[in-house]
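Student: A structural model of the following input is requested.
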Amino acid sequence: MPSFMKQASDYIATWFYRESESEAGYYPQIGQKGSSALAHSVYMQIQVPFFRTFRHCNPEARLLFFTNIEEAGLPAFLREMFSELGVETITLPYACRPPEGWYPAWQNQFYLYDILRKMGEVMQADDTLLVCDADCLCRWPLDPLFESVRRKGSALYEFVTDRAYVINGITLPQMEDFCQACYGEPPRSGMTYYGGEFVALRGDVVRRINDAYPRLWAFNLECFARKEPKLNEEAHVMSLLAEHLGIRNADANRYVKRMWTTPKFNNVRPGDEDYAVWHLPYEKKRGLHGLYRLFLRDGGAMRDEAAFWKRAGAYTGIPRIGMGKRLRDRMITLWMKLK
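Tutor: Predicted coordinates for the structure are as follows:
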């Protein structure tokens, strides 16, 4: 096909960066440092329900897995599934890593910007890219999302607008001060925080972000050196870039929700099961582990979609937590304490 007739591609990517002991941060959702064997095992396992559900719902999309692990070093169950589903593994070093002493958690999150730099080299202007956390399930096809991103340039997940809330070490007013200091002008409207678990961009916007990132990152490093408030994780940076580049929106909120299912906090409501993407941070070692085991027993578990999503809801507590899940979660919590 001639280049001028090339059909635009829709990319769906997730990633795992394996940290060494010297650089490892703490990840409260699994209660471990990023270098631990348990963290590695958990993140390998959740790739299975992620890619199974995203491929089922998006058969034409190009699925990408970014990691610093050589393909031969991935577990056999992943290599076999990737071959079956047509998932492309891209081994990528971590060039955007923050310096030592940066922040006690989420130190691997700036890997997103290495992914964007790589994708900026291969994407056409009207290609679309969704970078999504692996603790997600895809419930419905994402064609409407890709069509929207192709028209508008991006779809971001607006997550925090509470100006008093401390978001991983910084508040929205402090982010506004940062914006003023970096760019010489205040935000055009009050800052909002865009969750890093779901970032959808058109190819030309990926390149605009890549062009703007070095200036912002250099200023961020200056703030770190002066011990001033800084952008501690990748979503802080994306929030500032969205303001600077004029790509602010809450379009992704129609497609995804961060669903907390902990005993102390549950924000899931009836109807949330209809979101196209379920983001399930608490379920990494719980419901998603159950789905990993299900898919290992039966890779075709989604043949009966109604039965699968009924089971997925029961495992993950969407839209409600049943007694069976409560008992399973309690046993898992007890096992982790004993271990």
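
Student: max-length helix in the protein?
Tutor: For the chain, the helix with the greatest residue count under DSSP state H is helix 203-225.

Student: where does Gly324 land in three-state SS?
Tutor: For Gly324, the secondary structure call by DSSP: H, G, I helix; E, B strand; the rest coil comes out as helix.

Student: what about it, neighbour count?
Tutor: Residues within reach of Gly324, counting by other CB atoms under 10 Å, total 10. In short, each C-beta sits where N, CA and C put it, glycine included.

Student: residues making contact with the one helix or strand Phe82 maps to?
Tutor: Using DSSP states H and E, Phe82 sits in helix 76-85. Applying CB atoms under 8 Å, 6 or more residues apart in numbering, the external contacts of helix 76-85 come out as 44, 47-48, 51-52, 55, 63, 65, 71, 74, 87-89, 296, 299.

Student: for the record, mean pLDDT for that helix?
Tutor: For helix 76-85, the mean per-residue pLDDT is 98.

Student: which parts of it are buried?
Tutor: Buried residues in helix 76-85, counted by 16 or more other CB atoms under 10 Å: 77-78, 81-82.

Student: quick one: which of those residues is nearest Asp135?
Tutor: Leu78 (15.7 Å; CB to CB).

Student: so where's this protein shaky on pLDDT?
Tutor: Low-confidence segments of the chain, defined by pLDDT under 70: 1-6, 22, 24-35, 336-339.

Student: relative to Pro214, how far out is the residue lying closest to Tyr255 once chain neighbours are set aside?
Tutor: Distances taken as CB to CB, 6 or more residues apart in numbering place Ala276 nearest to Tyr255, at 4.5 Å, with adjacent residues excluded. Applying CB to CB, to the nearest Å, the value for Ala276 to Pro214 is 34 Å.

Student: what segments of the stretch 101-250 of the chain are helices?
Tutor: Taking DSSP state H, counting those that start in this stretch as the criterion, the stretch 101-250 of the chain carries its helices at 111-122, 143-152, 172-183, 203-225, 234-245.

Student: residue nearest the centroid of this protein?
Tutor: Central residue of the chain (CA atoms, centre = their mean): Asp133, 2.4 Å from the mean position.

Student: quick one, phi/psi of that one?
Tutor: Taking degrees, to the nearest 10, you get phi -60, psi 150 for the backbone angles of Asp133.

Student: does it touch His279 like I think?
Tutor: Yes - the pair Asp133 / His279 is scored as a contact, 6.4 Å apart, by CB atoms under 8 Å.

Student: still on that earlier bit, looking at the helices of the stretch 101-250 of the chain, spot the one closest to Arg320.
Tutor: helix 143-152 (26.3 Å).

Student: report the angle between the closest one and helix 203-225.
Tutor: 80 degrees (axes from the mean of the first three to the mean of the last three CA atoms, to 10 degrees).

Student: work out the gap between the helix or strand containing Ala307 and the centre of the chain.
Tutor: Assigned by DSSP H and E, Ala307 belongs to helix 305-316. Helix 305-316 sits 22 Å away from the centroid of its parent chain (CA atoms, centre = their mean, to the nearest Å).

Student: can you verify His295 is assigned to a helix?
Tutor: I think there's a mix-up here, since residue 295 is Phe and not His. Yes - under three-state DSSP, Phe295 falls within a helix.

Student: what's the spacing between it and Leu172?
Tutor: 40 Å.

Student: over to Met44?
Tutor: If you go by CB to CB, the gap between Met44 and Leu172 works out to 35 Å.

Student: same check, this time on Phe82
Tutor: 39 Å.

Student: and if you look at Asp211?
Tutor: 25 Å.

Student: ok, now Val205?
Tutor: On the measure of CB to CB, Val205 and Leu172 end up 23 Å apart.

Student: partner strands of the helix or strand hosting Thr89, parallel or antiparallel?
Tutor: Assigned by DSSP H and E, Thr89 falls within strand 88-91. Sheet pairing for strand 88-91, assigned by DSSP bridges, gives strand 62-67 (parallel).

Student: show me what counts as buried in the partner strand.
Tutor: Judged by neighbour count (16+ other CB under 10 Å), strand 62-67 contains these buried residues: 63-67.

Student: which residues touch it?
Tutor: Outside of strand 62-67, the residues within contact range by CB under 8 Å, 6+ apart are 9-18, 47, 51, 54-55, 74, 82, 85-92, 111, 114-115, 118.

Student: drop anything exposed from these.
Tutor: 9-18, 47, 51, 54-55, 74, 82, 87, 89, 92, 111, 114-115, 118.
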